[in-house]
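# Sequence and predicted structure are below.
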Amino acid sequence: MKKLLIPVFCALALLACNGGQKQNNGGQTAEVGDSAEIVSDNSETESGSQTNIAEEVFKKYYPYDKGGCTECDGLSYGGRNEYDCEECYGGADVYCYPKNDGGYLVVGSSYYTGGYDCKPEFYFSTRVYKDGVLDTVEAYALPTPKLEMLLHPDRVDDNLPNIAAFKVLYDKNPDKYLFFDLVPPKSLTVKLNAWDCENAICNMDRCWMESDRGDQLLEYTWDGTKFVVNPQTVPSTNLESISSVGDNSSCDMQEIWRQFAEGQYDAVEPTIEGNTAEYFDQSSDEGYTIRIKLVSFAWEGSCKVFCVTDHTEGDESTNTLTEYNFIGGELSETELQPTLKEYADKSEASIENGEIVFASQDVAFLWNGSMMIKE
């Protein structure tokens, strides 16, 4: 989880935490209930104090990462690593939430970026630490909010096509697109983190909650057993109007690909994720390279499919955009809608994050539930 900012190590001291408040990303102070009492219940560890518990956990959780801490509170610890490539960096952190039955729920956060102004990719995981033993957690303990809980209500109406395209991806694998700002022992905030290097997927940065804009991020309180949503931070966003646009349950990408590829592109297995399928095949002996990408969208109880094929053989290269209907489990090619054909005749097409892009014309098309519309 497929994020925006490099994590800032928790600057809250335990004394401040026991005061029942935390400072959130928006700069507002939020009440977080009575969970402060769980600190005293777990103040003794196998080392005799809580001051270095996070460092102890970090060494077990990420034994190969360099640790360090500039502003530690005993429950968070980690550090940033530099790499040989230009602008490359990464690191890892641990955050320890005391459990009512002893020990800690530990959230591990690792991140890395390959440079070139790319946003870092974050990966979150959870384990339990008790009596000096770090165990695995079978069930993912971090919250998985619905997409509408992460969007600003005032920014939804102007971004419905973008949201519809992204909702397909989010509903398939929400953990890939979430970022957690962890503040043990009491709380965390969560926001969307959907980046493809420096570009926001489906332009979701136009409508997601962002602390830099002064938005109140969605907050959860740790009660010693689980994370509980703070209802005062849930926005009044309603995505019912686009649920059918984003729901591509009628689009079986495995079956769509099987029918599309049968007899032509069976040499290599495609990569299928959500509503997309990608295929690459190359032969140095025969001198050809083929790249294919399909994207599907729910459409009038059926499914609409768009395909971009890049075929290079010798000195000749072709770029082809085609359109299909997937109705009643049958895939059939149909005429490309006129607005797409107009651009496809004069510019190469690509499929990026659910959009059809004509880069040389600086134009992108989004699915609006019935057709592709120019952004």
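That came through, no problem. Residues are numbered from 1 along each chain as shown.
# What's the local residue count around residue 90?
By other Cβ atoms under 10 Å, the residues close to residue 90 number 17. C-beta here means a position set from N, CA and C on the backbone, and glycine is covered the same way.
# Oops, could you answer that again for residue 271 instead?
Residue 271 has 11 neighbours, counted by other Cβ under 10 Å.
# Would you enumerate the residues in contact with it?
By Cβ atoms under 8 Å, 6 or more residues apart in numbering, residue 271 lies in contact with 277, 278, 279.
# I'd assumed residue 255 was in contact with the first one.
No. Residue 277 lies out of contact with residue 255 (Cβ atoms under 8 Å); the separation is 10.7 Å.
# More neighbours: which of those two?
Comparing residue 277 with residue 255 by other Cβ under 10 Å, the one with more neighbours is residue 277, at 22 against 13.
# what's next to the strand or helix carrying that one, contact-wise?
In this assignment (DSSP states H and E), residue 277 forms part of strand 276-283. Strand 276-283 has contacts (Cβ under 8 Å, 6+ apart) with 253, 256-257, 261, 265, 267-268, 270-272, 288-296, 351, 354.
# Give me the distance between stretch 362-374 and the centre of its chain.
Relative to its parent chain, stretch 362-374 has a centroid offset of 23 Å by Cα atoms, centre = their mean, to the nearest Å.
# who touches it?
160-162, 164-165, 202, 242, 244-245, 297-300, 304, 306, 337, 339-340, 343, 347, 352, 354-358, 375.
# pLDDT of that stretch, averaged?
Per-region confidence: stretch 362-374 scores 84 on mean pLDDT.
# Extract the C-alpha set from it and format it as CSV.
Provided in CSV are the C-alpha atoms of stretch 362-374 (Å, rounded to 0.1, in the frame of the first residue of the first chain):
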residue,chain,number,x,y,z
ASP,A,362,-2.3,16.5,-24.5
VAL,A,363,-5.8,15.0,-24.2
ALA,A,364,-7.2,12.3,-22.0
PHE,A,365,-10.6,10.6,-22.0
LEU,A,366,-12.5,9.3,-19.0
TRP,A,367,-15.4,6.8,-18.7
ASN,A,368,-18.6,8.5,-17.5
GLY,A,369,-20.7,5.3,-17.3
SER,A,370,-21.9,5.3,-20.9
MET,A,371,-19.0,6.6,-23.0
MET,A,372,-15.5,8.0,-23.0
ILE,A,373,-15.6,11.8,-22.5
LYS,A,374,-12.7,14.2,-23.1
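# and stretch 285-297, C-alpha only, in CSV?
What follows is stretch 285-297, C-alpha atoms only, in CSV (Å, rounded to 0.1, in the frame of the first residue of the first chain):
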residue,chain,number,x,y,z
ASP,A,285,14.7,-14.2,-33.6
GLU,A,286,11.6,-13.1,-35.4
GLY,A,287,12.2,-9.4,-34.6
TYR,A,288,8.9,-8.3,-33.1
THR,A,289,7.6,-6.7,-30.0
ILE,A,290,3.9,-6.7,-28.9
ARG,A,291,2.4,-4.7,-26.1
ILE,A,292,-1.3,-4.9,-25.4
LYS,A,293,-3.4,-3.3,-22.7
LEU,A,294,-7.1,-3.8,-22.1
VAL,A,295,-9.4,-1.8,-19.7
SER,A,296,-13.0,-2.6,-19.0
PHE,A,297,-15.9,-0.5,-17.6
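# What degree of burial does residue 63 show, as a neighbour count?
When neighbours are counted by other Cβ under 10 Å, residue 63 registers 8.
# Next, it: phi, psi?
Per-residue torsions, residue 63: phi -60, psi -20 (degrees, to the nearest 10).
# is it true that residue 179 touches residue 121?
No. Under the criterion of Cβ under 8 Å, residue 179 makes no contact with residue 121, lying 10.3 Å away.
# the more surrounded of the two?
Legend: neighbour count by other Cβ under 10 Å for residue 179 and residue 121, higher for residue 179 (23 against 18).
# Checking my notes, that one in a strand, right?
Yes. Assessed by DSSP: H, G, I helix; E, B strand; the rest coil, residue 179 belongs to a strand.
# Distance of it relative to residue 325?
Per Cβ to Cβ, to the nearest Å, residue 179 is found 38 Å from residue 325.
# what's the answer for residue 75, then?
Taken as Cβ to Cβ, the span from residue 75 to residue 325 is 55 Å.
# Which one of these two is surrounded by more residues?
Neighbour count, other Cβ under 10 Å: between residue 75 and residue 325, residue 75 has more, with 27 against 16.
# Find the nearest non-adjacent residue to the more buried one, please.
Once flanking residues are discounted, residue 75 sits nearest to residue 184: 4.0 Å by Cβ to Cβ, 6 or more residues apart in numbering.
# quick one: contacts for that neighbour?
By Cβ under 8 Å, 6+ apart, the contact set of residue 184 is 10, 73, 75, 76, 95, 96, 97, 98, 222.
# which residues does the fifth one contact?
The reference is to residue 95. Counted by Cβ under 8 Å, 6+ apart, residue 95 has contacts 10, 54, 75, 76, 106, 107, 109, 182, 183, 184.
# any idea which helix or strand carries it?
strand 89-98.
# who does the helix or strand just after that strand pair up with?
Going down the chain from strand 89-98, the next helix or strand is strand 104-113, by DSSP H and E. Using DSSP bridges, strand 104-113 pairs in its sheet with strand 89-98 (antiparallel), strand 121-130 (antiparallel).
# separation between residue 280 and residue 255?
Taking Cβ to Cβ, one finds residue 280 at 21 Å from residue 255.
# returning to what we had before: type out the PyMOL command that picks the buried ones from the contacts of stretch 362-374.
Buried residues within the contacts of stretch 362-374, by 16 or more other Cβ atoms under 10 Å, are selected in PyMOL with:
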select buried, resi 160+161+162+164+165+202+242+245+297+298+299+304+306+340+343+347+352+354+355+356+357+358
